[in-house]
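J.: What follows is a predicted structure for the sequence shown.
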Amino acid sequence: MENFHIIDKEIAKHRGGTNAYKTIDDLPLSELQKRCVLEWLAWKAWNVLIELGIEDGYGKSYDPLVIEADKCHSYIFDLGNGGRHHDYETLREIEEKLMKEVVDEIKEEILEVADSEVNEE
């Protein structure tokens, strides 16, 4: 626990009342900690898609994203290449692909709803 207090003090030095952490690379964390943040983000993104009714959550919800040193794995997110296993070079690459996929799914749903409303008229 003492190590966390040291990390907290270091992070506090860089916070000036604003959130400067715009990408995974900006976080003052270790590589493993950043992987955990992205795995957590994938859970949250998956939950958003379920709450919006875009996904039903069945059969896939036990591991939205697992990041290892050289590959990541997901039954939920295609991350630009489909399948379960995904090569990557940087964590930023995973972050960008995850965000793009979630935004694209939401946009697609919005367009489908808009099209169905136009067709009803």
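T.: That came through fine.
J.: After the helix or strand of the chain with the lowest mean pLDDT, which helix or strand is next?
T.: Within the chain, confidence by mean pLDDT, DSSP states H and E is lowest for helix 2-14 among all helices and strands, at a mean of 73. Remark: after helix 2-14, the chain's next helix or strand is helix 31-51, criterion DSSP states H and E.
J.: So for the following helix or strand past that next one, mean pLDDT?
T.: Using DSSP H and E, the helix or strand that follows helix 31-51 in sequence is strand 66-67. Across strand 66-67, the average pLDDT comes to 96.
J.: Can you point out the buried residues in the biggest helix by length in the chain?
T.: Criterion DSSP state H: the longest helix present in the chain is helix 91-120. Using 16 or more other Cβ atoms under 10 Å as the test for burial, helix 91-120 gives L91, E93, I94, E95, K97, L98, E101, V102, E105. Yep, even glycine has a C-beta here, placed from its N, CA and C like the rest.
J.: Now do that helix against helix 31-51, angle only.
T.: Angle, helix 91-120 to helix 31-51, by axes from the mean of the first three to the mean of the last three Cα atoms, to 10 degrees: 10 degrees.
J.: Kindly spell out which helices and strands sit in contact with helix 91-120.
T.: Using 3 or more Cβ pairs under 8 Å, 6 or more residues apart in numbering; DSSP states H and E, the elements in contact with helix 91-120 are helix 31-51.
J.: Wait, V37 touches I24, no?
T.: Yes - assessed by Cβ atoms under 8 Å, V37 is found in contact with I24 at 6.6 Å.
J.: And these two? Which one has more around it.
T.: Comparing V37 with I24 by other Cβ atoms under 10 Å, the one with more neighbours is I24, at 20 against 17.
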